[in-house]
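**Student:** sequence and computational prediction follow.
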Amino acid sequence: MDAELKIKIDKDVIDKAKGYAFLHRISLSRMIESYLKSLIDMESSEPKDEIEISSSVKSMSTGVQMPMLLDYKKEIGDYLLEKYK
């Protein structure tokens, strides 16, 4: 059952949120409701040690270990510089 809730939020935040909601084809009310549900679900569920990874993402695994502090922007830049010499 839906109910109304009156809240005060900075006008700039509301305007940006409306734009985001419009681009994602969702109402601002549903977007806020979804966010609040996700917060509640996180609090009510048991804490997980690891993030759950979907099977489709697991299937993309190459087995290559990436360094934790990899600067991917630098790596891409270096690659492009070498490619277009």
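**Tutor:** Done, it's in.
**Student:** is the spatially most central residue of the chain in a helix, a strand, or coil?
**Tutor:** When Cα atoms, centre = their mean is applied to the chain, the residue found nearest the centroid is residue 35 (11.4 Å). Classification of residue 35 by DSSP: H, G, I helix; E, B strand; the rest coil places it in helix.
**Student:** sort out which residues of the helix or strand containing residue 18 are buried, please.
**Tutor:** In this assignment (DSSP states H and E), residue 18 forms part of helix 11-23. Buried positions in helix 11-23, judged by neighbour count with 16 or more other Cβ atoms under 10 Å: residue 21. Every residue, glycine included, has its C-beta placed from N, CA and C.
**Student:** may I have the worst-scoring helix or strand of the chain on mean pLDDT as CSV, with CA atoms only?
**Tutor:** Least confident helix or strand of the chain, by mean pLDDT, DSSP states H and E, is helix 55-58 with a mean of 73. Taking C-alpha atoms only, helix 55-58 is exported to CSV below (Å, rounded to 0.1, in the frame of the first residue of the first chain):
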residue,chain,number,x,y,z
SER,A,55,27.7,-16.4,-12.9
SER,A,56,27.7,-14.4,-16.1
VAL,A,57,30.5,-12.2,-14.7
LYS,A,58,32.4,-15.2,-13.4
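**Student:** now do the following helix or strand past it: distance to the chain's middle.
**Tutor:** Sequence-wise, the next helix or strand downstream of helix 55-58 (DSSP H and E) is helix 72-83. Distance of helix 72-83 from its chain centroid, counting by Cα atoms, centre = their mean, to the nearest Å, is 26 Å.
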